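1. quick one, fold the following:
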Amino acid sequence: MQNRYDELKRAEKGAIISIVAYIFLSLIKIGVGVTYQSVALRADGLNNLTDVFSSIAVLVGLKLARRPADDNHPYGHWKAETIASLVTSFVMLFIGIQVFYSSFNRLIEGESISPDKITGLVGFLGAIIMLGVYFYNLTLAKKINSDGLKAVAKDNFSDALTSLGTTIAIIGSTLGYVWMDGTMAIIVSFIIIKTGVEIFRDSAFSLTDGFNTEDLDRYKSSVLNLPNVVSVEDIKARKYGANIYVDVTILVDATLTVLQGHQITENVERTLKESYGIIDIDVHVEPAQNNDTNS
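-> Numbers count the residues shown, from 1 in each chain. The predicted structure follows:
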């Protein structure tokens, strides 16, 4: 369990890196966008500014998740990490809808802006920086299995695409293809919305105690392969943050001693922990009927 607390502490570094990158990029983009009259770059900077708040929400969630169990939270505060991911999805959906609305209006009204070429360079550098942050956070999130940091990484990738789309739109605008600005922005808005929907779906699924049935089947198969396990009567699992809790009821030969039943229980717990990294396992042993044993 202590290892999990240490992993969450490492995940906080990824969120902090995102916050620092977003603050830096938002100030640069807004400043350059206003100075050199690029509406697209200024909007991209405002997008990064809102991402500062979503990253802070994830950071707070990670810190809360590391709090130990107490009387009011006997299972710990692990779900705070998933709640932070849910908040991130709302922010991304809001941003995506706003970008779509403003871009669509600009496209319909035929607004024509030809920004300075330096705005395209700033947009491109912003995309490169966010891609670097994305790969760092994604690698770290997979290594420590952090849902909150995975949500941050998805947001990083969406922002890299946003900056890249902004760059293409600016270049197209300077070459006379003014329509590219609004069109590319609309495409990027759909990417942001899609990512937000995916994060919302995963977070909501976890918070409502949903669990992948294929994983359950693998757990069941591993338990059935253990000696003296006649059958698996019932198996359930749920997630608290990135931690998995499993409840399993097994049937064993009714003539086994209490000590033998206890040893089987330990075998089940050890197998699930070593094979799947499950944090907490509750094994309930029941005697098998004669026809179950014979089969």
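2. only C-alpha atoms for contact and neighbour calcs from this point on.
-> Will do.
3. pLDDT on stretch 139-150, on average?
-> Across stretch 139-150, pLDDT averages out at 79.
4. quick check: buried residues in it?
-> 140-141, 144-150 (16 or more other CA atoms under 10 Å).
5. dump these to CSV, plus distance to residue 120 and secondary structure.
-> CSV is the format used below for these (distance: CA to CA, whole Å; DSSP: H, G, I helix; E, B strand; the rest coil):
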residue, distance to residue 120, secondary structure
140, 30, helix
141, 31, helix
144, 36, helix
145, 36, coil
146, 34, coil
147, 33, helix
148, 32, helix
149, 29, helix
150, 29, helix
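6. could those residues be laid out in CSV, adding distance to residue 281?
-> Shown next, in CSV, are the buried residues of stretch 139-150 (distance: CA to CA, whole Å):
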residue, distance to residue 281
140, 26
141, 24
144, 20
145, 19
146, 20
147, 21
148, 23
149, 25
150, 25
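7. just name the closest of those residues to residue 269, please.
-> Nearest to residue 269 among these is residue 145, at 20.5 Å by CA to CA.
8. measure that closest one to residue 139 for me?
-> Distance of residue 145 to residue 139, given as CA to CA, to the nearest Å: 10 Å.
9. ok, and what's touching stretch 203-213?
-> 79, 82-83, 85-86, 237-241 (CA atoms under 8 Å, 6 or more residues apart in numbering).
10. the residues you listed in helices, which ones?
-> 79, 82-83, 85-86 (DSSP state H).
11. the stretch 151-295 of the chain: helices as residue ranges?
-> Along the stretch 151-295 of the chain, counting by DSSP state H, counting those that start in this stretch, helices occupy 179-207, 213-224, 258-276, 290-294.
12. follow-up on the earlier one: for residue 227, state which of the buried residues of stretch 139-150 is nearest.
-> residue 145 (31.0 Å).
13. what residues of stretch 27-42 count as buried?
-> Applying 16+ other CA under 10 Å to stretch 27-42 flags 27-30, 32-33, 36-42 as buried.
14. contact partners of that stretch?
-> Applying CA under 8 Å, 6+ apart, the external contacts of stretch 27-42 come out as 43-46, 113-116, 118-119, 122-123, 166, 169-170, 181.
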